[in-house]
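Visitor: When you get a sec, could you give me coordinates for this:
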Amino acid sequence: MPAIVPIRDLKNTAKISALCKETDAPVFITKNGYGELVLMSIATYERILARQEVFDRIDEAERQFSAGQTRDAFASLAELRAKHHV
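Guide: Okay, the predicted model is just below:
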């Protein structure tokens, strides 16, 4: 369940900081009952960015596959082994 906090509670920054760290998820800030802001710890932010990077790379790989930009796996491995002298 997401953490939802009214904007007036932002006055207690230590409490909000602790909430962001303990929930390990974005904390939604509301104003007059409507969504206003989203806060999160740096660790959560970095985790979300890393996950998005994986999704972006998968999307790119799927685009390349659809465009016929593929290579033989055995040829690719042979090239890598030769390049790294393995």
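Visitor: list the buried ones in stretch 42-53?
Guide: Under the neighbour-count criterion of 16 or more other C-beta atoms under 10 Å, stretch 42-53 has Thr44 buried. For every residue, glycine as well, the C-beta is placed using N, CA and C.
Visitor: distance of Met1 from Ala43?
Guide: Distance, Met1 to Ala43, using C-beta to C-beta, to the nearest Å: 20 Å.
Visitor: Find the residue at the geometric middle of the chain.
Guide: Residue closest to the average C-alpha location in the chain (C-alpha atoms, centre = their mean): Ile48, at 1.7 Å.
Visitor: now it, nearest residue through space, not along the chain?
Guide: Nearest residue to Ile48, sequence neighbours excluded (C-beta to C-beta, 6 or more residues apart in numbering): Met40, at 7.7 Å.
Visitor: The one you found: what's it in contact with?
Guide: Contact partners of Met40, counting by C-beta atoms under 8 Å, 6 or more residues apart in numbering, are Cys20, Ala25, Pro26, Val27, Ile48.
Visitor: ok, Ala25 to Val38 distance?
Guide: 10 Å.
Visitor: after the helix ranked longest in the chain comes which helix or strand?
Guide: As assigned by DSSP state H, the longest helix anywhere in the chain is helix 42-66. Beyond helix 42-66 on the C-terminal side, the first helix or strand identified by DSSP states H and E is helix 73-83.
Visitor: Contacts for that following helix, please.
Guide: Val86.
Visitor: Now that helix - C-alpha only, CSV.
Guide: What follows is helix 73-83, C-alpha atoms only, in CSV (Å, rounded to 0.1, in the frame of the first residue of the first chain):
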residue,chain,number,x,y,z
ALA,A,73,25.4,-16.4,-31.4
PHE,A,74,28.3,-18.7,-32.1
ALA,A,75,30.0,-16.1,-34.4
SER,A,76,29.5,-13.4,-31.7
LEU,A,77,31.0,-15.6,-29.0
ALA,A,78,33.9,-16.5,-31.2
GLU,A,79,34.5,-12.8,-31.9
LEU,A,80,34.4,-12.0,-28.2
ARG,A,81,36.8,-14.8,-27.3
ALA,A,82,39.3,-13.7,-30.0
LYS,A,83,39.0,-10.1,-28.8
